[in-house]
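Participant: Sharing a model that was predicted from the sequence below.
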Amino acid sequence: MKKIIVVLMVFTVLLVGCAAGETETAVNSSLIVGDKTYSVADLEALPVSEAVFKDVTYNGVTLTALLENAGFTLADLKAVKAVAADGYTVNYDLSQIEKPDVLVAYAQADGPLTEEDGAFRMVLPEEEGKLNVRMLVEIQVVQ
């Protein structure tokens, strides 16, 4: 009888863990920019741009266009911070984000982003990998 109870307890813990993982994925399918929240469909409705990073072509919205859509004027910005689902953050100065090939990507040219990338990814083609934030969930603006 004790073995059955132990097995049921382990099974219950596994089910709860799986349910938590599904919730996390659903939460991470949106992107917060200032006071606005965007879905992949919202970004797809904005003008599409392409950028290449490490031989992968990404489709997305230029960061400047997204910031303007969220109600920010680039002239009033001092910096931008990208926040990943795991808490990793990167601060960008204006010289980095004003380039026309800096994207918030929502797809690769040949299909969706990888599971490692999440629903959104920063793409800065001329910058090192640690500045190309994966699993992007928020863009914070410093004015």
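Facilitator: Yes, it's here.
Participant: For Gly111, see how far away Asp76 is.
Facilitator: Using CB to CB, to the nearest Å, one obtains 37 Å as the distance from Asp76 to Gly111. To be clear about C-beta, it is placed using only N, CA and C from the backbone, and glycine gets the same treatment.
Participant: Just confirm Val83 contacts Arg134, I think it does.
Facilitator: No - using CB atoms under 8 Å, Val83 is not in contact with Arg134; the gap is 11.6 Å.
Participant: For the nearest residue to Glu44 once chain neighbours are set aside, what are phi and psi?
Facilitator: Leaving out its chain neighbours, the residue that sits closest to Glu44 by CB to CB, 6 or more residues apart in numbering is Tyr106, at 6.7 Å. Backbone torsions of Tyr106, given as degrees, to the nearest 10, read phi -130, psi 0.
Participant: neighbours around Tyr106, how many?
Facilitator: Close neighbours of Tyr106, defined as other CB atoms under 10 Å, add up to 27.
Participant: Likewise for Leu113?
Facilitator: Residues within reach of Leu113, counting by other CB under 10 Å, total 21.
Participant: go on, Ala84?
Facilitator: 19.
Participant: Dig out what it forms beta bridges with.
Facilitator: As for beta bridges, Ala84 partners with Leu136 under DSSP bridges.
Participant: wait, it sits on Met135?
Facilitator: Yes - using CB under 8 Å, Ala84 is in contact with Met135, at 4.8 Å.
Participant: Now list whatever residues contact both of these two.
Facilitator: Gly118 (CB atoms under 8 Å, 6 or more residues apart in numbering).
Participant: give me every residue that touches Ser39.
Facilitator: 29-31.
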